[in-house]
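**Student:** I'll drop the sequence and a predicted model, then ask my questions.
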Amino acid sequence: MNCRKHTFVTMVLAGLLGMPALWGEAASPKGKAPLPEAARTAAEGWSQKEAAKKGTAPVEGKTNQKNLSAPISNVPVKPPFKKAVREVELKLQRGQLISEAIGDVDGDGKEEVVDLLGNPVVEKSSFMGDLYIVVKEVGKKDVKYFIRPQNLGGYDPYLMLADVTGSGAPNVIVAAPTGGTSGMVDFRILDFTGKKPDEIFTAADNRGVQIVGTYLDGYRARLQFPNLPGKMQEVVVDLSRNEDAYHTLNVFDETGRVLPSGQRPYAQGISELIPMDTDGDGVDALITTQKVIGAVQAAPIGYVRTLWAYRAGTWQVQDVSFRTELYTKPAYQTSDRVKGKSGYEIIPLPLDTPVGNLYYPHFQKFDAKLAWKMNHAMEMFYRSKIRDASFGSRLHLSYDVKYAGKNYASILVMGLYSDHEMNEPIIQGFNFDLRTGEAVELKDLVRPAGKFWTMVRNEAQASGVSLTEKDVKGFYYDGAVLGLFYGDNREFDLEEDKVLPFMIKNRLEEEFLTSQSKEEKERNAEKKEERKVKTTESEI
């Protein structure tokens, strides 16, 4: 039976905002940590590439003491001249294709396919070592560029593109989670606008900002940022919530006095890196997160967030914040990777921002250009919501894959935006034609449109709702229900027995087989009968 639903998403949000409110792009956690022994073994003999320009920038802290910040430079970065295509002759070793991205990475006006390749360090392992990048012009077989970042390996590595140098051409960002409880990710950023590929964000840059940590009497820790411009900044953090652990590990005695254990709080390398245009100049800055570890790695003292800008060939700190809580665990968790009918996957990529934790849907194991189109459309939606978030607000976004067919996919993004006393639910349906990567309109899914909308009006009126084609702002289909969004985040559901007759001749040539379709009904009835027979036999 049709019913009217007011969709309201409730989620637990937390984490103090300590950075500029504008944020950005899907990415995964990252940081620099020593590679596992297996990875180091595989790394022996890796060919090394040019050392990239590097800048060591410190971070600021924020708690009840000092607010550390540095103004963002507005010096414009002049784009270089477009470079000509050059031939490259080299022999590549074999490797598995791990991730792909498409963009004009060298600024010559032609799009390139960027492939990340590597090999499992151990057979059947998901830890990939010997990672390297191959760049080819779209539709061409010849290799245009090749680079092997220094000592890079990790679990399920992936690529992102973002212009962090101001050249007008996107840089290639490689993320390689190192595994373990630290949650660290090893990042590299590559630039292809010069005469040869350049590694501009290196292993050394993954260290992030440096702190000097000291335990103080009274279950406290002092964190100092010695490399910031001007006077040394510091914050003092209360550790009493974990005092039992600090007793056990001989950091404090039972009265809260510091013991001479030699232990100190320290900052891990970067565990997350997100590119985002924070000042509207068209160039992405980098926003990084580092855990500050005390006696127990699983219970960090806090988190350092840093805003970096690429200036004069180095990474310079623009803003820093410290917080003791990153965010609370969300009430809603997205499902794990979903496999589509043709073998593609939609996986969740966690994205931590100053305004909350998000989950970003990402197509993979699919045609690179089509996947890029769909991923980009969803990225832009996430970017817009993060940009619009005001200082001190909270944002949570996650998603649910509603349908993953052969030619059609439907993804529902849900969330909650909280700003002081105001809570605003967020609902957005993404429907894609998997043959083209383009968005699907409802008129492509249901035919004939005239009779369909007559049915919708009648069903809505029967439920006391006035609903026409002009009122509908979005939709999703999950194989059993067609959800129509209208008004102020309201949803009207049409059951499959009402909509399936209109979906048979859809323009996507998708065969919708659901629990209420004739074939599936027959199969379900047969299975039900078989279960009855088995139950009867077991009782006998």
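**Tutor:** Happy to help now that I have it.
**Student:** show me the contacts for the closest residue in space to Tyr408 that isn't next to it in sequence.
**Tutor:** Excluding its sequence neighbours, the residue lying closest to Tyr408 (Cβ to Cβ, 6 or more residues apart in numbering) is Glu510, at 4.3 Å. (C-beta placed from N, C-alpha, C; glycine too.) Glu510 sits next to Gly405, Lys406, Asn407, Tyr408 when contact means Cβ atoms under 8 Å, 6 or more residues apart in numbering.
**Student:** which one among those gets closest to Asn119?
**Tutor:** Of all the contacts of Glu510, the one with the least separation from Asn119 (Cβ to Cβ) is Lys406, at 31.4 Å.
**Student:** so who does that closest one touch?
**Tutor:** Contact partners of Lys406, counting by Cβ under 8 Å, 6+ apart, are Gly340, Lys341, Ser342, Leu434, Glu510, Glu511.
**Student:** Check those residues against Asp497 and report the nearest one.
**Tutor:** Taking Cβ to Cβ as the measure, Asp497 lies nearest Glu511 of those, at 17.2 Å.
**Student:** Tell me the secondary structure at that closest one.
**Tutor:** Of the three states, Glu511 takes coil under DSSP: H, G, I helix; E, B strand; the rest coil.
**Student:** For the residue nearest to Tyr408, grab phi and psi.
**Tutor:** phi -90, psi 130 (degrees, to the nearest 10).
**Student:** pretty sure Leu395 contacts Ser384?
**Tutor:** No - using Cβ atoms under 8 Å, Leu395 is not in contact with Ser384; the gap is 11.3 Å.
**Student:** So between these two, which is more surrounded?
**Tutor:** Neighbour totals were compared for Leu395 and Ser384, and Leu395 leads with 28 against 10 (other Cβ atoms under 10 Å).
**Student:** In which helix or strand does that one reside?
**Tutor:** Using DSSP states H and E, Leu395 sits within strand 394-404.
**Student:** show me where the stretch 401-540 of the chain has strands.
**Tutor:** Under the criterion DSSP state E, counting those that start in this stretch, the stretch 401-540 of the chain contains strands at 408-419, 422-433, 438-439, 472-477, 481-486, 490-495.
**Student:** among those strands, which is nearest Ile347?
**Tutor:** The closest of the strands of the stretch 401-540 of the chain to Ile347 is strand 408-419. By Cβ to Cβ, the value is 11.9 Å.
**Student:** Going by neighbour count, list what's buried in that closest one.
**Tutor:** Of all the residues in strand 408-419, those buried under the rule 16 or more other Cβ atoms under 10 Å are Tyr408, Ala409, Ser410, Ile411, Leu412, Val413, Met414, Gly415, Leu416, Tyr417, Ser418.
**Student:** likewise stretch 173-188?
**Tutor:** Judged by neighbour count (16+ other Cβ under 10 Å), stretch 173-188 contains these buried residues: 173-179, 182-188.
**Student:** Tell me which residues of stretch 195-203 come out buried.
**Tutor:** Going by 16+ other Cβ under 10 Å, stretch 195-203 has these buried residues: Pro197, Asp198, Glu199, Ile200, Phe201, Thr202, Ala203.
**Student:** returning to that earlier point: can you convert the buried residues of strand 408-419 into TSV and add a column each for distance to Gly474?
**Tutor:** As requested, the buried residues of strand 408-419 are exported to TSV (distance: Cβ to Cβ, whole Å):
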residue	distance to Gly474
Tyr408	15
Ala409	15
Ser410	11
Ile411	12
Leu412	9
Val413	10
Met414	12
Gly415	14
Leu416	17
Tyr417	17
Ser418	22
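**Student:** and those as CSV, adding distance to Asp253 and pLDDT?
**Tutor:** Shown next, in CSV, are the buried residues of strand 408-419 (distance: Cβ to Cβ, whole Å; pLDDT from 0 to 100):
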residue, distance to Asp253, pLDDT
Tyr408, 64, 96
Ala409, 59, 96
Ser410, 59, 96
Ile411, 54, 95
Leu412, 54, 93
Val413, 51, 92
Met414, 49, 87
Gly415, 46, 85
Leu416, 44, 82
Tyr417, 46, 84
Ser418, 42, 78
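**Student:** And these, which two are furthest apart?
**Tutor:** Spatially, the most separated pair among the buried residues of strand 408-419 is Tyr408 and Ser418, at 33.5 Å (Cβ to Cβ).
**Student:** gap between the residue nearest to Tyr408 and Tyr477?
**Tutor:** According to Cβ to Cβ, to the nearest Å, Glu510 and Tyr477 sit 10 Å apart.
**Student:** what do you get for Leu159?
**Tutor:** Counting by Cβ to Cβ, the gap from Leu159 to Tyr477 is 31 Å.
**Student:** For the two, indicate the residue with more neighbours.
**Tutor:** Shown here are Leu159 and Tyr477; by other Cβ under 10 Å, Tyr477 has more neighbours (27 against 18).
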